[in-house]
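**Q** I would like the atomic coordinates for the input below:
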Amino acid sequence: MTVTVAQQRPMISPQVGQTTGGGLDVESIRSDFPILGRAVRDRRLIYLDNAATTQKPRSVIEAIERFYEEDNANIHRGVHLLSQQATFAYERARGRIATFINAPESSECIFLRGTTEATNLVAHGYCRLRCGPGDEIIITHMEHHSNIVPWQLLCEATGATLRVVPIDDEGVLDLKEYESLLNDKTCLVAVAHASNVLGTVNPIRQMSDLAHRHGAVVFVDGAQGAPHLPVDVQELGCDFYAFSGHKLFGPTGIGVLWGQHALLDDMSPYEGGGSMIQSVTLESSTYADVPTRFEAGTPDISGAIGLSAAVDYLNRFGMEAIAAYEDELLEYAHQRLADVDGIRLIGTAPGKVSVVAFALADAHPHDIGTILDMEGIAVRTGHHCAQPLMSRFGVPAMARASFAFYNTRDEVDALVTGIGKIREVLGG
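**A** Alright, predicted model coming up:
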């Protein structure tokens, strides 16, 4: 007999208290996410690990399932009906995502595996031929490893120099120092829209304008910005913007790089293979136009369709309303957690996205995560792929609770109660 997932995992109906905020019906939203109804260790799942990956609404799951049941075929060049339908769905997804971030042209949106691959594409396809000895790349002290390591590799390969913008004790960038680092040798600025640990939202428009005065190009890691904030790439003024589908309530293995068309058109391909060519002889090849040039091989067709469904789902509520509700939830979480004895909240910048990193006196972060897991509460522990940031705050690791618009105040209360149990278990 086949055992279904439902039989393996007991389901618990959501019992939430405060269910409205920012104009959202949070209880109804929660019902759209099947996994939020399951139990973990015989307790209702409280999922507070959204900065690592978000859960998926039923509409996303069904869109992927529908593609494989009805339209599955390889895209582009196929003359049969299934290929035409799959191609239409794939390119429609590109258009919807372009609208979501207000890209001037849908062709400026490239489907990749995620933010990490997008960063590497810019490093290899754009910067590698333009940066050399004496040139400089600027990053910040709050970056995720995926927005540090590619630039380190690039500097090693080209002889360019990496410069770092410091942050203060609240987790805010030192903009005066940033401005002083900029000069005519700056070829690129790479900065997170929002920190995955601190939640700090960086002033991208201001940073872009300053960089452009020196002829520098600006790459924005939007992995934590796109799920929480309205994104308008034209208003941000940056040159490249990247984000990952799995953090935006979409599937894993899919993401988007947006770039100004003139820059993309002047970039070299990152990978060679099928689809990305215009013509091939045994002696040489010419490459397809943007964006096909950067999508070698068979792409993640179902992933693009699933990400498009996620964007459609978010558009039902509007990112402004989502951001307003998450702001309320974050403020409540800060208030409740600030009253916990022995806690250190790390990242207290104004205007954060809904991330709370913390350390607890005499408790290792892994112990915090393990004990909270026994209460059905999922948080993230460790260095969060931001080891330089850990060093900046003098800790080897932190615990992190990160919220989405399906989380509630009741779940914040449960987190605080769970931290109290940590004290009981550890004898604090």
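
**Q** How many residues are close by R96?
**A** If you count neighbours by other C-beta atoms under 10 Å, R96 ends up with 19. No exception for glycine: its C-beta is placed from N, CA and C like everyone else's.

**Q** May I have the secondary structure class of it?
**A** helix (DSSP: H, G, I helix; E, B strand; the rest coil).

**Q** Ramachandran coordinates for the nearest residue to it once chain neighbours are set aside?
**A** Spatial nearest neighbour of R96, excluding adjacent residues (C-beta to C-beta, 6 or more residues apart in numbering): S308 at 4.8 Å. Phi and psi for S308, reported as degrees, to the nearest 10, are phi -60, psi -40.

**Q** and what of A192?
**A** Backbone torsions of A192, given as degrees, to the nearest 10, read phi -80, psi 140.

**Q** Against A93, how distant is the nearest residue to M142 once chain neighbours are set aside?
**A** Nearest non-adjacent residue to M142, counting by C-beta to C-beta, 6+ apart: S195, 4.4 Å away. Noted for S195: a distance of 29 Å to A93, by C-beta to C-beta, to the nearest Å.

**Q** where does the stretch 201-350 of the chain have low pLDDT?
**A** Residue ranges of the stretch 201-350 of the chain with pLDDT under 70: none are present.

**Q** Which residue ranges of it form strands?
**A** 217-221, 240-244, 255-259, 277-280, 285-287, 343-346 (DSSP state E, counting those that start in this stretch).

**Q** show me what contacts E108?
**A** In this structure, E108 makes contact with 98, 258-261, 264, 290-291, judged by C-beta atoms under 8 Å, 6 or more residues apart in numbering.

**Q** Kindly recompute the last result at 10 Å.
**A** 94, 98, 101, 233, 240-241, 256-265, 290-291 (C-beta atoms under 10 Å, 6 or more residues apart in numbering).

**Q** buried subset of those?
**A** 94, 98, 101, 233, 240-241, 256-260, 263-264, 290-291 (16 or more other C-beta atoms under 10 Å).

**Q** Could you work out the most separated pair of those residues?
**A** Based on C-beta to C-beta, the longest span within the buried ones among the contacts of E108 runs between R94 and L263 and measures 17.9 Å.

**Q** From G245, how far off is the residue most central in space within the chain?
**A** Nearest to the mean C-alpha position of the chain, counting by C-alpha atoms, centre = their mean, stands A223 at 2.1 Å. The gap separating A223 from G245 is 10 Å, by C-beta to C-beta.

**Q** Now the common contact residues for the two.
**A** 114-115, 255.

**Q** Now tabulate the strands of the stretch 201-350 of the chain in a markdown table and tack on distance to E326.
**A** What follows is the strands of the stretch 201-350 of the chain, written out as a markdown table (distance: least, C-beta to C-beta, whole Å):
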| stretch | distance to E326 |
| --- | --- |
| strand 217-221 | 19 |
| strand 240-244 | 17 |
| strand 255-259 | 21 |
| strand 277-280 | 44 |
| strand 285-287 | 42 |
| strand 343-346 | 17 |
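
**Q** Surely the residue nearest to R96 and F249 touch.
**A** No - counting by C-beta atoms under 10 Å, S308 stays clear of F249, with 11.6 Å between them.

**Q** those helices in the stretch 301-428 of the chain, which residues are they?
**A** 301-315, 319-338, 365-374, 387-392, 409-426 (DSSP state H, counting those that start in this stretch).

**Q** among those, which is nearest C187?
**A** Counting by C-beta to C-beta, C187 lies closest to helix 387-392 out of these; the figure is 21.4 Å.

**Q** Would you mind writing the CA trace of that closest one as CSV?
**A** What follows is helix 387-392, C-alpha atoms only, in CSV (Å, rounded to 0.1, in the frame of the first residue of the first chain):
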residue,chain,number,x,y,z
GLN,A,387,31.2,35.0,8.8
PRO,A,388,32.8,38.5,8.5
LEU,A,389,29.6,39.8,10.0
MET,A,390,29.9,37.4,12.9
SER,A,391,33.4,38.6,13.5
ARG,A,392,32.2,42.2,13.4
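
**Q** What residues does V412 make contact with?
**A** With the criterion set at C-beta under 10 Å, 6+ apart, V412 makes contact with 18, 46, 48, 329-330, 332-337, 356, 401, 403.

**Q** Next: V189.
**A** Contacts for V189 (C-beta under 10 Å, 6+ apart) come out as 136-140, 163, 165, 178, 181-182, 204, 207-208, 210-212, 214, 216-220, 238-239.

**Q** what helix or strand is it on?
**A** Assigned by DSSP states H and E, V189 belongs to strand 186-192.

**Q** Sheet-wise, list the partners of that strand with their directions.
**A** Using DSSP bridges, strand 186-192 pairs in its sheet with strand 136-140 (parallel), strand 217-221 (parallel).

**Q** Could I get the average pLDDT for it?
**A** Confidence for strand 186-192, expressed as mean pLDDT, is 98.

**Q** mind exporting that strand as CSV, just the C-alpha atoms?
**A** C-alpha atoms of strand 186-192 as CSV (Å, rounded to 0.1, in the frame of the first residue of the first chain):
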residue,chain,number,x,y,z
THR,A,186,35.9,51.8,-8.7
CYS,A,187,34.6,49.5,-11.4
LEU,A,188,31.8,47.9,-9.4
VAL,A,189,29.8,48.2,-6.2
ALA,A,190,28.1,45.1,-4.9
VAL,A,191,25.6,45.5,-2.0
ALA,A,192,22.7,43.7,-0.4
